[in-house]
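[1] for reference, the sequence and a predicted model appear below.
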Amino acid sequence: MTERQPSAARRRFLGDNPERLGWLFVVPALALVIIFRIVPLIWGFGTSFTDYNGMVAPRFIGLANYASLTHDPVFMDSIVNMLILLATLPIWIGLPLVLAILIHQGVPGGKLFRAVYFFPAVLSSVIVGAIFNMLLRYDGSFNAMLKGIGLSPVDWLGNSSTALFSLIAVQLWATFGMSLLIFLAGLSTVPSDMLEAAKLDGAKLMATWWYIVIPSIRPIIEFAAVVTTIGMLTSMFGLIYVLTAGGPGTSTTLPEFLIWLEQGRMNRPGYASAISMVLFAMMAGLAFIQIRIMSRNASL
Amino acid sequence: MTLTRRALCAGTMLAAAFAVSVGVASADTTLTVWDWKSGDPTTQPYFDAVKKDFEAAHPGVTVKYVMQPHDQYYTLLGTAISAGQGPDVVLLHGGSQTKERTGALVKLDDNIADIKGRIAGWPEFTGADGDAYAVPISIQGFAVYYNKDLWQKAGLDPNKTPKNWADLEAVCAALKKAGTTCFALGNKEGFGADFFLSAVAANGWTAAQQEAWTKGDLKWSSPEVKAIVDAWVATKGAGWYAEGANSTAKFMDEYESFERGENANTIGLISDVAHWMEFDDFLGADKVGVYVMPPVAGGDGSLKLPLAGGIGYGVTNFSPNKDLAIALAKSFADTPHMQVFFESAGAIPADTKVDTSKVESPSAKQILAWLADGVPLAHNNMSTAETEEWHRQSQLLFTGETTVDKALARMDEVQAQAKKK
């Protein structure tokens, strides 16, 4: 058996340095990140210090955009909405985790459930929005059902006290399948001998979950938490756009929706950049804390 | 070796594609037109006629329509303007949508002398400097359409339309008694509140007050405006609308419910959508009536239709072919084209020379008769920031989370800030 040798031309180009080959593989991804992430980020940072309106040349106004953010009630409401959204994180992690453990432990029809739960994750948010628009509108099917069982209908999307939670519930429905799959992958790494040993020792179901399953997939849970948090803050736009348009009032206006509103409809890219920077700083902070926790556990 | 060959193939193909596209661009001129209408079957004959005639008159020029989604139109346009590239000719709404974008548009004054007298609706497309920035193609206005059958069932005379607010209250009370919702209302995006404000203000405010409103001198908390906002809340309290207005889209859920006969009145348009032609199609021309919304207070007793230049075509100042683009914008307002626009889409054209004598719909005849003497559309003269905040406050007034006074105080703040610029 002869080992395949690289051609002379390729050897000339790469030399015998495997590191150089490694760089070659990394460069396309790196270029994409730099062109589409890093450059716009720096650009946006610069724009946030200007009064740019998209038409005439921007003028440097220092921190004025950031100062007006502090007394913009719409921005403040969007931050409060964001915090409410973040407070629901345990549900976004807990629900798929419990379902994943149940499927992993072999409930009847587990494979079917896995497919069914994952199915909404392949739908675009606009389609999900259109479906739930029909279900949740005042004269929609959900209220018809409520009326059928003698309850009074609720304007789920037109009422400030229910609109944000309706939106969160729909987004949760649409995306928890992805976390479920991540957890299932993680659960397959839980050593089965440990589970069996626990069983033989007479450990109860909950004890097995609490002392064996969850600690073994803790890094996976933390990973899912980071990914879910970022998803919550950056990919609700489609749903908001279709279901509530940010209303009633500001009750479903999240920072990302406000950025879009200020940038295009209000012709204030400078101000929108300032909101983007605040959102970026918050997310970077959150991600930093979560990654710190992850690496602390990794070194355990 | 296969890898190298593949890379070479891909490179050659890319280079070829680039060469082809460059070749086409240099041999031909393409004028890109942005709008939110060209894909609509009812307006298709109009857009086709403009394209055909313009391309025939200008050999080597291709007119390319790019239809954008209506509710994202200004966001996308804002992005194109920021980037300084994209469309040569853009469709715009009259009023603040055009006036806030004059910085990105070409002044048309030297080029429109020949059509200025024939076309109506210029003020909505005129910037603060007094120059025109777009050629109007339609007249917009708010009329109240009503379902004569439902009126009759409620014991109302379908030929006796309300002349003042008390009349209208009596109409709604009679309809409510008969179990019919008085007005269709969709306020999910806040458009329902815009229409209400403009329709009710139209005959309640004097010309001087309308002007003060445009300048930002007539405050939201002034009695004239407060009366309308009070009425917005009071009419909800009196049960004029179906539940769920905050989650109903005005376009088109509101109008569809009117067409299904679920409610008796709706504040509609006179352009090419939510208008007499559409309602005639669904309910029958003899079953659709139209009247002007009476003011809640003020006015001299006359009822004039709130009117303004509807939509129009402007030329972007980054267009590489400005002269051609201006010619195209004007071509949209040619009388033969306007005639097609009126006949196929039912839009009231900006061109006063269009022959409307053949129209048979009773509502259309009534609207055409009102056109000679109109009053301004208040919401057209609000800044975008005010409009957005009014959308929010109007919803909160419906959910009861704010009071009229609090909402007006907030609106005053936004108005002062927006009009200060």
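    That came through fine. None of these values were measured; they are calculated from a predicted model.
[2] wait, residue B:82 sits on residue A:269?
    Yes: here residue B:82 reaches residue A:269: they are 5.8 Å apart, a contact under CB atoms under 8 Å. Any C-beta I mention is one placed from the backbone N, CA and C, and that applies to glycine too.
[3] between those two, which is the more surrounded one?
    It is residue A:269, of residue B:82 and residue A:269, that has more neighbours when counted by other CB atoms under 10 Å in any protein chain shown, with 27 against 18.
[4] OK, contacts around that one?
    Contacts for residue A:269 (CB atoms under 8 Å, 6 or more residues apart in numbering or on different chains) come out as A:47, A:52, A:53, A:54, A:262, A:263, B:78, B:82.
[5] got the residues of chain B near chain A?
    With CB under 8 Å from any CB of the partner chain as the criterion, chain B meets chain A at residues B:1, B:4, B:72, B:74-79, B:81-82, B:100-101, B:103-104, B:188-190, B:242-248, B:253, B:384-385, B:388-389, B:391-393, B:395-396, B:398-399, B:401-402, B:410.
[6] count the residues that sit near whichever residue of the stretch 101-250 of chain B sits closest to chain A.
    For the stretch 101-250 of chain B, the residue closest to chain A is residue B:244, as judged by CB to the nearest CB, at 2.4 Å. By the other CB under 10 Å criterion, the neighbourhood of residue B:244 contains 24 residues.
[7] next one: the one 3 residues further on
    Number of residues near residue B:247 (other CB under 10 Å) recorded here: 29.
[8] residues in contact with it?
    By CB under 8 Å, 6+ apart, the neighbours of residue B:247 are A:136, A:137, A:138, A:155, A:156, A:157, A:158, A:244, B:188.
[9] show the buried residues in the residues you listed.
    Among the contacts of residue B:247, those buried by neighbour count (16 or more other CB atoms under 10 Å in any protein chain shown) are A:136, A:137, A:138, A:155, A:156, A:157, A:158, A:244, B:188.
[10] and the third one, how close does it get to residue A:266?
    To tie it back to what came earlier, the one meant is residue A:138. To residue A:266, residue A:138 is 29 Å away according to CB to CB, to the nearest Å.
[11] for residue 47, give me its contacts.
    Using chain A here. By CB under 8 Å, 6+ apart, the contact list for residue A:47 reads A:58, A:269, A:270, A:273.
[12] switch to chain B, please.
    Contact partners of residue B:47, counting by CB under 8 Å, 6+ apart, are B:37, B:38, B:65.
[13] same question for residue A:267.
    A:53, A:54, A:55, B:78, B:100, B:101, B:384.
[14] ok, now residue B:315?
    Shown in contact with residue B:315 (CB under 8 Å, 6+ apart): B:88, B:89, B:90, B:105, B:106, B:108, B:322, B:325, B:326, B:329.
[15] for it, helix, strand, or coil?
    At residue B:315 the chain is in strand, as set by DSSP: H, G, I helix; E, B strand; the rest coil.
[16] tell me the pLDDT of residue B:393.
    For residue B:393, the model assigns a pLDDT of 97.
[17] buried set for the helix or strand containing it?
    Using DSSP states H and E, residue B:393 sits in helix B:384-399. Residues B:384-399 are the ones in helix B:384-399 that count as buried (16+ other CB under 10 Å).
[18] any stretches of chain B with poor pLDDT?
    Residues of chain B meeting the criterion pLDDT under 70: B:1-27, B:421.
[19] distance check, residue A:241 against chain B.
    Residue A:241 is 8 Å from chain B, where distance means CB to the nearest CB, to the nearest Å.
[20] and if you look at residue A:257?
    Counting by CB to the nearest CB, the gap from residue A:257 to chain B is 11 Å.
[21] need the contact list for that residue.
    Residue A:257 makes contact with A:78, A:236, A:237, A:240, A:241, A:246, according to CB under 8 Å, 6+ apart.
[22] let's see 10 Å
    A:78, A:81, A:236, A:237, A:239, A:240, A:241, A:244, A:245, A:246, A:250 (CB atoms under 10 Å, 6 or more residues apart in numbering or on different chains).
[23] does residue A:282 touch residue A:234 like I think?
    No: using CB atoms under 10 Å, residue A:282 makes no contact with residue A:234, being 11.4 Å away.
[24] higher neighbour count, these two?
    The residue with more neighbours, out of residue A:282 and residue A:234, is residue A:282; 16 against 13, by other CB under 10 Å.
[25] quick one: the more buried one and residue B:57, what's the gap?
    Using CB to CB, one obtains 56 Å as the distance from residue A:282 to residue B:57.
[26] so what does whichever strand or helix holds residue A:133 touch, helix or strand wise?
    Secondary structure from DSSP H and E places residue A:133 in helix A:125-136. If contacts are counted by 3 or more CB pairs under 10 Å, 6 or more residues apart in numbering or on different chains; DSSP states H and E, helix A:125-136 sits against helix A:141-148, helix A:160-187, helix A:237-243.
[27] tabulate those helices (TSV), appending distance to residue B:266 and mean neighbour count.
    Shown next, in TSV, are those (distance: least, CB to CB, whole Å; neighbours: other CB atoms under 10 Å in any protein chain shown):
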stretch	distance to residue B:266	mean neighbour count
helix A:141-148	23	13
helix A:160-187	25	20
helix A:237-243	23	20
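[28] could you dump those to TSV with mean pLDDT?
    Below are those laid out as TSV (pLDDT from 0 to 100):
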stretch	mean pLDDT
helix A:141-148	94
helix A:160-187	93
helix A:237-243	91
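[29] so which of these gets nearest residue A:96?
    In terms of CB to CB, the element of these nearest to residue A:96 is helix A:160-187, at 4.0 Å.
[30] how far does that closest one sit from its chain's centre?
    Here the centre of helix A:160-187 is set off from its chain's centre by 10 Å, with CA atoms, centre = their mean, to the nearest Å.
[31] before we move on, what about stretch A:124-143?
    On the basis of CA atoms, centre = their mean, stretch A:124-143 sits 21 Å off its chain's mean C-alpha point.
[32] and for stretch A:94-107?
    The chain centroid and the centroid of stretch A:94-107 are separated by 21 Å, computed with CA atoms, centre = their mean.
[33] now, of the contacts of residue B:315, which are buried?
    B:88, B:89, B:90, B:105, B:106, B:108, B:325, B:326, B:329.
[34] from those residues, which ones fall inside strands?
    B:89, B:90 (DSSP state E).
[35] about what we covered before: restricted to buried residues, select the contacts of residue B:47 in ChimeraX.
    Command for ChimeraX that selects the buried part of those, burial taken from 16+ other CB under 10 Å:
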select /B:37,38,65
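[36] wait, which of the contacts of residue B:47 is closest to chain A?
    Of all the contacts of residue B:47, residue B:37 has the smallest distance to chain A: 19.1 Å, by CB to the nearest CB.
[37] quick check: closest non-adjacent residue to that closest one.
    Take residue B:37 and drop its neighbours on the chain: the residue closest to it by CB to CB, 6 or more residues apart in numbering or on different chains is residue B:43, 5.0 Å away.
[38] repeat for residue B:84
    Leaving aside its chain neighbours, residue B:84 sits nearest to residue B:318 (4.5 Å; criterion: CB to CB, 6+ apart).
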